[in-house]
Each structure stands twice: as C-alpha cells, then as structure tokens.
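*Asks:* Coordinates for the following, if possible.
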Amino acid sequence: MLDSLEAIHAQVTGGRRGRQAATEHLNLALFVRLAAEFQGFCRDLHDDAAIRITGGLPDEFAGRVPVFLGVLAKNRKLDRGNAAPGSIGADFGNLGMSLWPTIYAKYPTQGQRWNRVLERLNQVRNAVAHSDTVKLALAKQAQPLTLTTFRRWRGSLNAAAGGLDAVVGAYLKDLTGASAWDIGVGN
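*Replies:* Numbering: from 1, shown residues only. Here you go, the predicted structure:
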C-alpha cells in the first residue's frame, strides 16, 4: 500500500522535487497510512506472541486457549489508540515483557530515534485524522511533511519493526524454551 501511494505521488509530481500544492494532501495521506501500517504490524506481532505463548501450554489446557488469548489481548491499547511507544510497551507488558528497556539495551541509539519518530508520526496522524489545523501547523513547524520526511520515517519504522520482532522473538524463546516463531502443535 505504501509503495502504491508513493507511485501515485510520483505520477502527480512527475518526480519533481519542491513544494507543489497539489501534493500536500497526498503527503499527509502517506503519513496517516504509515501510522496505520505500523500499528497493524504491532498488533499482529502482539497476536503472534500471544499465540506462541498459549501454543506452549500442555494439552490439557487446549480447550482454554481461546480464553487465555482473550485475556492477553483484553483492553489492548493498539486496538483503540495509536501505536505510541507507551501503548506498545503497555500491550507487550501484558505478555510479561519489558519491551522498551529491552529495545534500549539492544538498540541504544536507534531505540530513542524510533520513539521520536513514533511520537511525531502520531502527532501528524492525529492532526490529520481529527482535522486539527493548529496541531497540524505545529507538526509542520517541527519538520517538513514532505515525501523525504515520509521516506526517512518509513525507513526508521522498518528498522523498528525488525528490532521489535527480534526482541519479542528472543523473549518468547526465553519464555517457552522453543524457537521463537515456530508455532506448531506440540512445540
């Protein structure tokens, strides 16, 4: 989806750089979609981790797995709010993880940058989604909402996704004793 939006952007601009009034709304759509995709990734990662945790339960608990999965996802912030660092951390905390301290230990420089990008992205997303011109103006003062910024943030969040996957996978391996993402019967 993001690649498709970038391709449309290139068609509209003819690949020319610079401020083009016709692209402002398209740029904002890119940021909103980026926020949505990252939130979906985090929610899927949380689901996969919960499935991995419950998949390691003894057979006598098999009938209760849906109940356990429901409890692990109950009141999940990623289902009703932005993928802000606090929300992501709280949701993975419900799985027993100290997500951000682990991220900062493994990725000391990048982890802080990922948090800043997430905070700024969610500011833009909220300003656009709630049609808040004052907050949008503040977001534009903090950084240009251009294709260049979008690409930089996208790259940062792609790296963040890899980092999140790695630390969640390592946690699951420590917790279950099995290879992190081997979700098979009897693992």
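*Asks:* Quick check: phi and psi at Cys42.
*Replies:* Main-chain torsions, Cys42, degrees, to the nearest 10: phi -60, psi -40.
*Asks:* What segments of the protein are helices?
*Replies:* 2-13, 24-55, 65-73, 85-93, 99-106, 108-129, 133-142, 147-176 (DSSP state H).
*Asks:* rank these by pLDDT, which is bottom?
*Replies:* For these, mean pLDDT drops lowest on helix 2-13, to a mean of 63.
*Asks:* rewinding a little: would you reformat the helices of the chain as JSON lines and include distance to Asp79 and mean neighbour count?
*Replies:* Any C-beta I mention is one placed from the backbone N, CA and C, and that applies to glycine too. Listed next are these as JSON lines, based on distance: least, Cβ to Cβ, whole Å; neighbours: other Cβ atoms under 10 Å:
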{"stretch": "helix 2-13", "distance to Asp79": "22", "mean neighbour count": "13"}
{"stretch": "helix 24-55", "distance to Asp79": "7", "mean neighbour count": "19"}
{"stretch": "helix 65-73", "distance to Asp79": "7", "mean neighbour count": "14"}
{"stretch": "helix 85-93", "distance to Asp79": "9", "mean neighbour count": "19"}
{"stretch": "helix 99-106", "distance to Asp79": "17", "mean neighbour count": "17"}
{"stretch": "helix 108-129", "distance to Asp79": "16", "mean neighbour count": "18"}
{"stretch": "helix 133-142", "distance to Asp79": "23", "mean neighbour count": "13"}
{"stretch": "helix 147-176", "distance to Asp79": "17", "mean neighbour count": "17"}
